[in-house]
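Student: show me the folded form of this:
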Amino acid sequence: MLLLLDIVYSAKKARTKPCKRTAFNRHTTNYRAWREQMTVCELLDNYDPAIRPSGKSPINDQSSFIDIVISISIT
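Tutor: Residues are numbered from 1 along each chain as shown. Got it, this is the predicted structure:
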C-alpha cells in the first residue's frame, strides 16, 4: 500500500513543463515561428486539465476533450 502511494505521489510530482521558452536570436531564428511558439507557451502557462471551459450549449460538456489547433506557416 505504501509503495502504491509513493508511486502516485512521484507521478504527480514529475509534471513536465508544457513548452520550452527560448530567447529570440535574430541570426538563427525565424521570428514568426518563434512568436507563435511563445504565444502557445503563454496560453499553456495556466492550463489546468481538471478545469474545462463552460459553454452555452449542451454539446460543450465539461467532461469532454479540449481541441487545440495549431498551424505553422513555413515559407
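Student: and the contacts of the lengthiest helix in the chain?
Tutor: In the chain, taking DSSP state H as the definition, the longest helix is helix 31-45. Contacts with helix 31-45, where a contact means Cβ atoms under 8 Å, 6 or more residues apart in numbering, come from 18-19, 21-22, 24, 70, 72-74. In short, each C-beta sits where N, CA and C put it, glycine included.
Student: so where is this protein shaky, pLDDT-wise?
Tutor: The model of the chain has pLDDT under 70 over residues 1-18, 52-64.
Student: how deep is Thr29 tucked in, by neighbour count?
Tutor: Neighbour count of Thr29, defined by other Cβ atoms under 10 Å: 14.
Student: check contacts around it.
Tutor: Applying Cβ under 8 Å, 6+ apart, we find Thr29 in contact with Thr22.
Student: mind exporting stretch 68-75 as CSV, just the C-alpha atoms?
Tutor: C-alpha atoms of stretch 68-75 as CSV (Å, rounded to 0.1, in the frame of the first residue of the first chain):
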residue,chain,number,x,y,z
ILE,A,68,-6.1,22.8,-29.5
VAL,A,69,-5.5,23.6,-33.2
ILE,A,70,-2.0,24.9,-34.1
SER,A,71,-0.9,25.9,-37.5
ILE,A,72,2.6,26.6,-38.7
SER,A,73,3.3,28.5,-41.8
ILE,A,74,6.7,27.6,-43.4
THR,A,75,7.7,29.9,-46.1
